[in-house]
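In: can you look at this prediction? I've put the sequence above it.
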Amino acid sequence: MLTAQTPVMVRKEIWTHLLAYTLLRTIMWQAVSSSENTVFQLSSQSTRQQFNLLLTLLATTGKRQQRQWRQLLLEQVAANLLTIRPERSEPRVLKRRPKPYPRMQEPRSVLKAKLRA
């Protein structure tokens, strides 16, 4: 779901999501280049989780340590393979249900005063 409200920010949000998707797919392709698996056997969710775990370390360490963390990331991504689930089927339903409460249209202090009255 997009959260932006102006067309310019919606475009920026879409480009940001595409950039993140491309980054994760690049990591997955690099991980399979050093293993015997294919990119279709890797989990994109697991790749995202592994990247998020190492993101701070990759951003705050020196070049030599970054190479070691990056190699560890690629090894972890290559090790997390998808399991084959041939009988799996998911129902097609809407997950986001409307909330039973109205949206807040007034300041909280005004609503609290109305509630007390």
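Out: Now that the structure is in, tell me what you want to look at. Numbering: from 1, shown residues only.
In: grab the most central residue of this structure for me.
Out: Arg48 (5.8 Å; CA atoms, centre = their mean).
In: next up, the contacts around that residue.
Out: With contacts defined as CB atoms under 8 Å, 6 or more residues apart in numbering, the neighbours of Arg48 are Leu24. Just so you know, the C-beta spots here come from the backbone N, C-alpha and C atoms, and that holds for glycine as well.
In: would you mind writing the CA trace of the helix or strand hosting it as PDB?
Out: In this structure, Arg48 sits in helix 44-60 according to DSSP states H and E. The C-alpha coordinates for helix 44-60 follow below in PDB (Å, rounded to 0.1, in the frame of the first residue of the first chain):
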ATOM      1  CA  SER A  44      13.200 -13.100  -1.300                       C
ATOM      2  CA  GLN A  45      11.700 -12.700   2.200                       C
ATOM      3  CA  SER A  46      14.700 -14.500   3.800                       C
ATOM      4  CA  THR A  47      17.100 -12.300   1.700                       C
ATOM      5  CA  ARG A  48      15.400  -9.200   2.900                       C
ATOM      6  CA  GLN A  49      15.600 -10.300   6.600                       C
ATOM      7  CA  GLN A  50      19.300 -11.300   6.300                       C
ATOM      8  CA  PHE A  51      20.100  -7.900   4.600                       C
ATOM      9  CA  ASN A  52      18.200  -6.000   7.400                       C
ATOM     10  CA  LEU A  53      20.200  -7.900  10.000                       C
ATOM     11  CA  LEU A  54      23.500  -7.000   8.500                       C
ATOM     12  CA  LEU A  55      22.600  -3.500   7.200                       C
ATOM     13  CA  THR A  56      24.000  -1.600  10.200                       C
ATOM     14  CA  LEU A  57      27.200  -3.600  10.200                       C
ATOM     15  CA  LEU A  58      27.700  -3.000   6.500                       C
ATOM     16  CA  ALA A  59      27.200   0.700   6.900                       C
ATOM     17  CA  THR A  60      29.400   1.300   9.900                       C
END
